[in-house]
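Undergrad: coordinates only, sequence not included:
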């Protein structure tokens, strides 16, 4: 994922040299982006600290899936500071040496970003699996699905009908009573539901659409038009 942004990242490193340069990899509306950020550390040649207001603003509108920074005139080996912060944030750190641009990817002990930025693969990493994996983090377990036929919605098949969902332990509820962690099914230009996601709060839901990366997104104004049903699963 980071490869497509290497030119922009290296330019940011050059512009900030000899300071450590930093930025983030994010997913917004199913697309990945690189966003350079400001290093506000007191000793920017030795470490980096994000501007808190800038970081929070980004996190409110995007899913941060990677922290990028460099070690000017030094190796890409992770410092203890890097390790501690990587584990605290639960997000992978992409550490570059500079100017060599050797890359070291530091993974956190517990990755909180692994739900976001997934590449879509039908039957493996798709909307249903994203929904199941998200609910697992909330201690809600849904049994494995039956094998879905591709483009089932064009074949008079309905894998999201109330009867089928009931077999998975779901109970249909009114859209007016929607709560955090409820599952939303959508009929996108289809007679039957052909997509699903998990409601978070404040008009935000988590999902994984075809030909896009998994992400959080607003229901309004686009997705709300295609809501089919809402289901609730017990913890």
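TA: Yep, that arrived. Since the model is a prediction, treat every value here as computed from it, not as a measurement.
Undergrad: tell me the first helix or strand C-terminal of the lowest-mean-pLDDT helix or strand in the chain.
TA: Sorting the helices and strands of the chain by mean pLDDT, DSSP states H and E puts helix 162-167 at the bottom, at a mean of 86. Per DSSP states H and E, the first helix or strand lying C-terminal to helix 162-167 is strand 170-173.
Undergrad: distance between stretch 115-122 and the chain's centre?
TA: Computed by Cα atoms, centre = their mean, to the nearest Å, the chain-centroid distance of stretch 115-122 equals 9 Å.
Undergrad: quick one: buried residues of the least confident helix or strand of the chain?
TA: Within helix 162-167, the residues scored as buried using 16 or more other Cβ atoms under 10 Å are residue 165. Every residue, glycine included, has its C-beta placed from N, CA and C.
Undergrad: end to end, how far does stretch 215-235 reach?
TA: 23 Å (Cα to Cα, to the nearest Å).
Undergrad: my guess is residue 70 contacts residue 94. True?
TA: No. Residue 70 is beyond contact range of residue 94, at 9.4 Å (criterion: Cβ atoms under 8 Å).
Undergrad: the more surrounded of these two?
TA: Neighbours per residue (other Cβ atoms under 10 Å) separate residue 70 from residue 94, with residue 70 holding more: 28 against 22.
Undergrad: tell me the pLDDT at residue 81?
TA: According to the per-residue confidence, residue 81 scores 91 in pLDDT.
Undergrad: nearest residue to it other than its sequence neighbours?
TA: In this structure, residue 81 finds its nearest non-sequential neighbour in residue 47, 6.1 Å apart by Cβ to Cβ, 6 or more residues apart in numbering.
Undergrad: report the central residue of this protein.
TA: When Cα atoms, centre = their mean is applied to the chain, the residue found nearest the centroid is residue 116 (1.8 Å).
Undergrad: residue 70 should be in a strand, yeah?
TA: Yes. The assignment for residue 70 by DSSP: H, G, I helix; E, B strand; the rest coil puts it in a strand.
Undergrad: quick one: contacts of the least confident helix or strand of the chain?
TA: 158, 172, 183, 229, 231 (Cβ atoms under 8 Å, 6 or more residues apart in numbering).
Undergrad: change it to 6 Å
TA: Residues outside helix 162-167 that contact it (Cβ atoms under 6 Å, 6 or more residues apart in numbering): 172, 231.
Undergrad: please apply the same query to stretch 51-66.
TA: 24-28, 37-38, 40, 92, 94, 113, 116-117, 215-216.
Undergrad: check these and tell me the two furthest apart.
TA: 40 and 215 (27.6 Å; Cβ to Cβ).
Undergrad: so these two - more neighbours on which side?
TA: Shown here are residue 40 and residue 215; by other Cβ under 10 Å, residue 215 has more neighbours (26 against 14).
Undergrad: which residue ranges of this structure form strands?
TA: Using DSSP state E, the strands of the chain run over 22-28, 31-37, 63-72, 93-98, 103-106, 170-173, 183-186, 195-201, 204-207, 215-218, 227-233.
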